[in-house]
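*Asks:* any chance you could fold what I've pasted below:
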Amino acid sequence: MRRRFLSLFALGLVFLGVSCSSSSNSGNTGGTTPSTPPSPTGVTVSPASVTLSRGATRQFAASVSGVTDQSVAWSVNGVRGGSSVFGLISDDGVYIAPTTVPGNSTVTVTASAFSDSTVSGTATVTIQAGSNVSVVIAGSGARIAVPTFGSRAFSAAVTGSEDTSVTWQVNGVTGGSSVAGTITSAGLYTAPHSVPVSTLPNNDGEATEVIVTAISQADPSASDSAIVVPVPPQQRTYNVPIPLGTSGGNAQDTSVSGQLTFCCSGTLGSLLSREGSLYILSNNHVLARSDLASTGEAIVQPGLIETHCSASGASLVGNLSQFLNLEAGSTPRVDAAIAQVVGDAVDPLGTILELGGAANGGLPSDGTPNPGAGVTGSIGRPVAKSGSATGITCGSIIAINSSVRITYQKGCSSETTFSVTFTNQLDITGVGFSAAGDSGSLIVTQDTADPVGLLYGGSDTDTVANPVADVLQQLADPVTAATPLFVGDAAVGPHPVAACTLLLKQFEPALHLQAGVARVSSFSRQAAAAVLDAHARELSAYPGVRALGIGASYDEPGDPAILIFVTSGARLGPLPADVDGIRTRIIENESSGVTGRLTDAETAALERAAPPARLVYPVSEAEVWRARPVVEERAAGLMARPGIQGVGVTSSLDAPGEAALMIFAIRGVPRDPVPTVIDGLRTRLRETSRFRAR
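*Replies:* Residues are numbered from 1 along each chain as shown. Predicted coordinates:
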């Protein structure tokens, strides 16, 4: 079970808040057979020992053997997250030494496997006085919460030097960044617009913290750091009638293991109307405890992880009415459940936090989705969501008609798992689009706020969702067959999600391929060059082809490609997707004097002159229809291979405008080579961490 942690001692018990998502320790077979995941056999922490000056930081990493789930809980001298006396450690494993050397100058950093907290590894940190110059950030001995879109003034006291000026950094970047938050030279920190999501193996797919650091300008070896926790409004406790997009879940979603009590929750996503009654829509694994619940169970806001695992600290907002069985449900399989609203506990217009069409004082306003049945997702369509873990986020649909495999746990943090294969799914990409705890969020189109998907899972780079058409179909009344509709303010109607305009600079980098992501070995380049030299004349004969060179494939990063340069807007004949097993990449740019077989320098110059490559391109409906039968025919066979966890329809990056078969591979798991073409369709490889329920 993945998590958003809350740790405290109460009546001799440790309560651990766990957001609703499952670790994925099973193999690559589909089906819904319950199983017990393997237990870790050991944890190794690196570096094993380190010496740090007061206030200095060090990144630690853990390797968990025996399982695929590498998530760990970090502690210092037995205290989860550390303390001001012995130093703090972030969720991502960044240790911050205390500003005063403790009585025993050596402390122990421990990483406990989340799949089995009894299995752990340690490292030792020796703390020394270091420089005569000392830097202390006010309040740095504890985690500091800052609301998303909010700000906080930091101050640092410098002793031992007449020069008391400091340089401020966020996550090691002077001045910070839009993803982690920015900071001025005077120490005014402005939180990001949404909560950052970790991509590190020990915390991937989790909402995470950021590190604010002050470095002495007189002596750069002297510094201090603070752990900042960006907190979205979605995690607050609201008076009834509550808005949606907020933290919530089943009041019974807890479990006990020895002295540990776990609790789980997710997101109360949106409001449905069916035959005059109102229902909260979320996932089965959020509201129905992954098939374990009974109808009538209490649904509360906020979720138990916000209330120290006590339902008495939350408001009753609904009663579980219907859920689609995950293990044995009918097709199309969806991870969905509804709870009938109790009294006036929920805003009857279905308002969702930060989803409004107009910014209010520089902040996104609350708003409703466009009411009705929603729309069908398309490749490249910009989307948004409001969820309890990360807040308001924006991204784009990168694949449709996808088959994906998700592993669930029965109930909250149990040892019994089962896997479900979903078909016809949406896959969304975007920097930190979702994290564990965002399950149940409604995904809407950015330009019209039309419902398009129900978020339930993802990886460190991707988010997966059920199409809303499938969700509404499966939630038809069992007796009358009446289909529910999304509730929204009809007077407002379609409207843009203003937050995505505010977030444009933050999320724009996710839309483009970054330099260096597709490096090719010299041996592979030589092999591709030999193929090009053998076929240059026939390739040059294709209409519209101006020049040929060797570069990198974007559909399979790390592989070489024959680059085919064509004039922008030229009418092209059908160009080959590969030549003797070497992929081709088509690049449009303005005509230049360089033609024929290019040198490496000429190739690089023409590449630089072309528009930057994107992560997703629009694809025509005709191309989608060409690709769909290939997915339907090939998905099951491909997903039966080791290391493959999903297959869908996407846009080719090597041939913009063409559809491609997206193959989702599990990063780090050995797999067979991916064919360049399957049934006449280009393939595109996307490596991610394992898909997990969120």
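
*Asks:* could you list the low-pLDDT ranges of the protein?
*Replies:* Filtered on pLDDT under 70, the chain yields the residue ranges 1-37, 503-518, 591-592.

*Asks:* where do the domain boundaries of it fall?
*Replies:* By the record's domain assignment, the chain is partitioned as 38-231, 276-511, 522-609 (automatic domain parsing).

*Asks:* and the last one, how far apart are its ends?
*Replies:* Spelled out, that is domain 522-609. This stretch, domain 522-609, spans 23 Å end to end (CA to CA, to the nearest Å).

*Asks:* so what's the gap between it and the chain middle?
*Replies:* Mean-position distance between domain 522-609 and its chain equals 34 Å (CA atoms, centre = their mean, to the nearest Å).

*Asks:* out of the domains of the chain, which is closest to Tyr238?
*Replies:* Each of the domains of the chain was checked against Tyr238 via CB to CB, and the shortest separation belongs to domain 276-511, namely 6.5 Å. From N, CA and C alone the C-beta is placed, and that goes for glycine too.

*Asks:* one step back: closest one to Thr650 among the domains of the chain?
*Replies:* Each of those has some distance to Thr650 by CB to CB; the shortest is domain 276-511, at 4.2 Å.

*Asks:* so how far is that closest one from its chain's centroid?
*Replies:* 15 Å.

*Asks:* ok, Leu532 to Glu538 distance?
*Replies:* Using CB to CB, to the nearest Å, we find Leu532 at a distance of 11 Å from Glu538.

*Asks:* export the domains of the chain as a markdown table, with columns for distance to Tyr617.
*Replies:* Rendered in a markdown table, the data for the domains of the chain read as follows (distance: least, CB to CB, whole Å):
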| stretch | distance to Tyr617 |
| --- | --- |
| domain 38-231 | 24 |
| domain 276-511 | 6 |
| domain 522-609 | 11 |
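
*Asks:* just the helices in the stretch 551-694 of the chain please.
*Replies:* Taking DSSP state H, counting those that start in this stretch, the helices of the stretch 551-694 of the chain run over residues 600-609, 621-639.

*Asks:* do the same with the chain
*Replies:* Assigned by DSSP state H, the helices in the chain fall at 284-287, 468-474, 498-502, 504-507, 522-540, 600-609, 621-639.

*Asks:* what about Gly569, distance to Ala613?
*Replies:* The separation that Gly569 has from Ala613, given CB to CB, amounts to 18 Å.

*Asks:* higher neighbour count, these two?
*Replies:* The residue with more neighbours, out of Gly569 and Ala613, is Ala613; 18 against 9, by other CB atoms under 10 Å.

*Asks:* that one touches Asp555, doesn't it?
*Replies:* No - with contact defined as CB atoms under 8 Å, Ala613 and Asp555 do not form a contacting pair (10.7 Å).

*Asks:* joint contacts of the two?
*Replies:* Between them, Ala613 and Asp555 share the neighbouring residues Leu653, with contact defined by CB atoms under 8 Å, 6 or more residues apart in numbering.

*Asks:* could you find the closest non-adjacent residue to Val341?
*Replies:* Leu278 (4.4 Å; CB to CB, 6 or more residues apart in numbering).

*Asks:* what's across from that neighbour in the sheet?
*Replies:* When bridges are called by DSSP bridges, Leu278 pairs up with Ser273.

*Asks:* now Thr110
*Replies:* Ser75, Thr122.

*Asks:* I figured it hits Arg80, correct?
*Replies:* No - between Thr110 and Arg80 there is no contact under CB under 8 Å: 9.4 Å.

*Asks:* so Thr676 sits against Asp580, correct?
*Replies:* No - counting by CB under 8 Å, Thr676 sits too far from Asp580 to count as a contact (10.1 Å).

*Asks:* who has more neighbours, the two?
*Replies:* When neighbours are counted by other CB under 10 Å, Thr676 and Asp580 differ, and Thr676 comes out ahead with 21 against 13.

*Asks:* residues in contact with the closest residue to Ala655 other than its chain neighbours?
*Replies:* Nearest-residue entry for Ala655: Ile586, 4.9 Å, with adjacent residues in sequence omitted and distances by CB to CB, 6+ apart. For Ile586, the contacting residues are Ile564, Val566, Leu572, Leu575, Asp654, Ala655, Pro656, by CB under 8 Å, 6+ apart.

*Asks:* what's near enough to touch the fourth one?
*Replies:* So the one you mean is Leu575. Neighbour list for Leu575: Tyr542, Val545, Ile564, Thr584, Ile586, Ala655 [criterion: CB under 8 Å, 6+ apart].

*Asks:* what is the burial count for the residue nearest to Met662 when sequence neighbours are not counted?
*Replies:* Nearest-residue entry for Met662: Thr650, 3.8 Å, with adjacent residues in sequence omitted and distances by CB to CB, 6+ apart. Neighbours of Thr650 under the rule other CB under 10 Å: 33.
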